[in-house]
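**Q** Fold the following for me, if possible:
(one chain, ligands or ions: 1)
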Amino acid sequence: MATLESLIGLVNRIQRACTILGDHGGEGMSLWEALPTVAVVGGQSSGKSSVLESVVGRDFLPRGSGIVTRRPLVLQLHKTEGGAEYAEFLHAPKKKYPDFAAVRQEIADETDRITGKTKQISNVPIHLSIYSPNVVDLTLIDLPGLTKVAVEGQPESIVEDIEMMVRSYVEKPNCIILAISPANQDIATSDAIKLAREVDPSGERTFGVLTKLDLMDKGTNALDVLEGRSYKLQHPWVGIVNRSQADINKNVDMMAARRKEQEYFESSPEYGHLAHKMGAEYLAKLLSKHLETVIRQRIPSIIALINKTIDELNSELDRIGRPVGVDGGAQLYTILEMCRAFDRIFREHLEGGRPGGDRIYRVFDHQLPDALKKLPFDRHLSTSNVKKVISEADGYQPHLIAPEQGYRRLIDGSLGFFKGPAEASVDAVHSILKELVRKSIVETQELKRFPTLQSDIAAAANDALEKFRNESRKTVLRLVEMESSYLTVEFFRKLQTEPEKTPQNQAQAATPNVDRYSDNHLRRIGSNVSAYINMVCETLRNTIPKAVVFCQVREAKRSLLNQFYAQIGRREKEQLGKMLDEDPSLMAKRETIAKRLELYKSARDEIDAVAWK
Ligand SMILES: Nc1nc2c(ncn2[C@@H]2O[C@H](COP(=O)(O)OP(=O)(O)OP(=O)(O)O)[C@@H](O)[C@H]2O)c(=O)[nH]1
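**A** Purely as a prediction, here's the structure:
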């Protein structure tokens, strides 16, 4: 079983970690609140400070008129095996205070640092550790004295504020209440007892302390209280005789005061039989033992709370994303992971796992054929235009057999029309791909936290798409140009051998080239060209999609981010870090969670180390 020292030391360490990480109660069930603590409460001038100093055996608390204690003071006492006494503040961890007058000054200064000189109160605790051979292991929290009236310079609300702060500590079921009441005042009117009664009616976590026994009226005594008849508590009352104001003024040494107190009880006719259970030293031991028992009881529930919280924090971290390592390798890895996640989703869109790829097929199946159908060949191959083109091509010398030049010009002119629909298909597919990039970025959960990387990936992907589009445009235009560069000669050979179908045509064939520019003749040329163009159109309707898929879709699937990968591979650590810029609020949130996680994990380690000793 763990020793007494180790259990209180354990809670001390966890408490300190809590304060470092800003966990000192408040919303929800915090670790701090799960830890057993001893809170010192009492009315003003009840002798609170005197009791604390006597327990420590040192003068170290600020004195003065008005409300001096304005922040909770977490006082952790560590017993040392001899050696010099010294104090340490959590807010100045490197500094040792061997001089307790300086401790007093630092408590006052540190109080003001948070509350300002306005004499407001604050619930942010000051942590003070005292290392001394003259103390027992114990942690006490000194709270502002309960008061009824605000004094000069302090806001009216301070009375209520103090009560609320003290209440927030003592109402926690893990709080052991050290209720200080002066003996020279009716116990029924004690502020400390009134509050304790409210929050701990059964008295199981209240320790009653009666101060100023030496100041009671002659002929009266406090036995009714000390023996539990006036107000019953589960734990025995402890009577205390602190230094009087006169003693303090005379600088009576604390050790001397402890001795004097012991003598007082031993020599007292009324309290002599209780002497071994009275005094500040006894109180310290009593509390220490009790605190240890309570901690031991609480450990299983503390472990349960810690484990539950660690699980919750972990899943919260998973939800918002783990912090990225700071070294360049880790950053590069993270960026590549994000890129891969994005790329996977983008490909799913194309391949049908997600919607969007089908729109590309619609371009080939609808848009392109529709556009081809709408090309103005009728106009281009109208008799009048055929005549115009052929005459121009013939020049001063009309053609002899067939208008070879005219045919070529008519065909060239017609083929030119295919460029429009070909380019339109390229552009349509381009904008679908762009839209899919946008969608995929949005759908990549992992990327959500990295707005900069999001836009970097989007920019890189769009750059690549732009390049693919240019390539694709060149290719489809080439397909069209190829059609112009070499005509399918078989088509025309076949035409020549085909017999004329109508009698009129037969007549014309019989007298060939009677009128080279007759309507019939021109119509025939027009329809021949039209037939040829239709054939080419059929070919292009099939080859344009192939070119577009080859240049744009296939490349997008294969190498959308290749250029980007090459770029980031060359980047320096700082540039990579910039790419992983996150939303500041998210970063702050993660940091808080990570810190809390660290706190809970270290608390678990501490407990593991002690509990199995
Ligand atoms: N004679 C005698 N005087 C005491 C005793 N306890 C406290 N005093 C005196 O009572 C006055 C108030 O004591 P403190 O310890 O400052 O009381 P406090 O509750 O801390 O007071 P505030 O910090 O002002 O709320 C001081 O002058 C002490 O010397 C005691 O047991 N006997």
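
**Q** Count the residues that sit near the nearest residue to Ala428 once chain neighbours are set aside.
**A** Leaving aside its sequence neighbours, Ala428 sits nearest to Val363 (C-beta to C-beta, 6 or more residues apart in numbering; 4.6 Å). Quick note: C-beta positions are derived from backbone N, CA and C, even for glycine. A count of nearby residues for Val363, using other C-beta atoms under 10 Å, gives 21.

**Q** quick one: secondary structure of Val363?
**A** When classified by DSSP: H, G, I helix; E, B strand; the rest coil, Val363 comes out as helix.

**Q** wait, it sits on Val429?
**A** Yes - contact criterion C-beta atoms under 8 Å: Val363 and Val429 qualify, at 5.7 Å.

**Q** For the two, list the residues in contact with both.
**A** The overlap between the contact sets of Val363 and Val429 (C-beta atoms under 8 Å, 6 or more residues apart in numbering) consists of Val548.

**Q** So the nearest residue to Leu233 once chain neighbours are set aside, which state does it fall into?
**A** Spatial nearest neighbour of Leu233, chain neighbours left out: Gly203 (3.9 Å); criterion: C-beta to C-beta, 6+ apart. At Gly203 the chain is in coil, as set by three-state DSSP.

**Q** What confidence value was assigned to Gly203?
**A** Reported pLDDT at Gly203 in the predicted model: 92.

**Q** dump the residue contacts of it.
**A** By C-beta under 8 Å, 6+ apart, Gly203 lies in contact with Ala196, Arg197, Lys232, Leu233, Gln234, His235.

**Q** Residue of the stretch 401-550 of the chain closest to the ligand, please.
**A** Closest residue of the stretch 401-550 of the chain to the ligand, C-beta to the nearest ligand atom: Arg449 (49.9 Å).

**Q** Surely that residue is in a helix?
**A** No - counting by three-state DSSP, Arg449 is located in no helix; its state is coil.

**Q** ok, Pro323 touching Lys595?
**A** No - applying C-beta under 8 Å as the test, Pro323 and Lys595 come out as separate, 11.0 Å apart.

**Q** before we move on, back to that, where's the residue nearest to Leu233 relative to Ala304, distance?
**A** Here Gly203 is placed at a distance of 27 Å from Ala304 (C-beta to C-beta, to the nearest Å).

**Q** Next, count neighbours for Pro545.
**A** Pro545 is flanked by 20 other residues according to other C-beta under 10 Å.

**Q** Which of the helices or strands spans it?
**A** In this structure, Pro545 sits in helix 519-548 according to DSSP states H and E.

**Q** buried sites along that helix?
**A** 521-522, 524-526, 528-530, 532-533, 536-537, 540-541, 543-545, 547-548 (16 or more other C-beta atoms under 10 Å).

**Q** tell me, which of those residues make contact with the ligand?
**A** Among the buried residues of helix 519-548, no residue sits close to the ligand (C-beta under 6 Å from any ligand atom).

**Q** Enumerate every residue touching the residue of the stretch 51-200 of the chain found nearest the ligand.
**A** As assessed by C-beta to the nearest ligand atom, the ligand sits closest to Gly145 within the stretch 51-200 of the chain, at 2.9 Å. Residues near Gly145 by C-beta under 8 Å, 6+ apart: Gly42, Gly43, Gln44, Ser45, Ser46, Lys48, Ile67, Thr69, Ile162.

**Q** Spit out the contact partners of the last one.
**A** Right, the one you point to is Ile162. For Ile162, the contact set (C-beta under 8 Å, 6+ apart) comprises Ile67, Ile121, Leu143, Pro144, Gly145, Leu146, Thr147.

**Q** Quick check: the gap between it and Leu178.
**A** In terms of C-beta to C-beta, Ile162 sits 17 Å off from Leu178.

**Q** what do you get for the first one?
**A** Gly42 sits 8 Å away from Leu178 when distances are taken as C-beta to C-beta.

**Q** residues in contact with the helix or strand containing His78?
**A** Using DSSP H and E, His78 maps to strand 73-79. Strand 73-79 is contacted from outside by 5, 9, 12, 15-16, 19, 52, 55-56, 61, 107, 125-133, 135-142, 284, using C-beta under 8 Å, 6+ apart.

**Q** Which among those count as buried?
**A** The neighbour-count criterion (16+ other C-beta under 10 Å) marks 9, 12, 15-16, 19, 52, 55-56, 61, 107, 125-132, 135-142, 284 among these as buried.

**Q** from those residues, which ones fall inside helices?
**A** Using DSSP state H to define helices, the subset of the buried ones among the contacts of strand 73-79 located there is Gly9, Asn12, Gln15, Arg16, Thr19, Leu52, Val55, Val56, Ile107, Ala284.

**Q** give me every residue that touches the second one.
**A** Residues in contact with Asn12, defined by C-beta under 8 Å, 6+ apart, are Gln76, His78, Ser129, Asp137, Thr139.

**Q** quick one: it and Arg344, what's the gap?
**A** Counting by C-beta to C-beta, the gap from Asn12 to Arg344 is 51 Å.

**Q** In space, what's closest to Ser414 - neighbours in sequence excluded?
**A** Nearest residue to Ser414 in three dimensions, chain neighbours excluded: Ile533, at 4.6 Å (C-beta to C-beta, 6+ apart).

**Q** quick one: pLDDT of Glu555?
**A** Looking at Glu555, its pLDDT reads 96.

**Q** so it makes contact with Glu466?
**A** No - in terms of C-beta under 8 Å, Glu555 does not count as a neighbour of Glu466; the distance is 11.6 Å.

**Q** Low-confidence stretches in the stretch 401-550 of the chain?
**A** Applying pLDDT under 70 to the stretch 401-550 of the chain flags residues 496-516.

**Q** Revised request: answer the last question for the chain.
**A** Applying pLDDT under 70 to the chain flags residues 1-6, 19-29, 117-118, 152, 496-516, 611-613.

**Q** all strands of it, in order?
**A** Along the chain, counting by DSSP state E, strands occupy 37-42, 73-79, 86-89, 92-97, 126-132, 138-142, 175-182, 206-211, 238-239.

**Q** And for the first one, what's in contact with it?
**A** Outside strand 37-42, the residues that touch it by C-beta under 8 Å, 6+ apart are 15, 48, 51-52, 138-143, 145-146, 166, 169-170, 174-181, 190-192, 195-196, 207, 287, 291.
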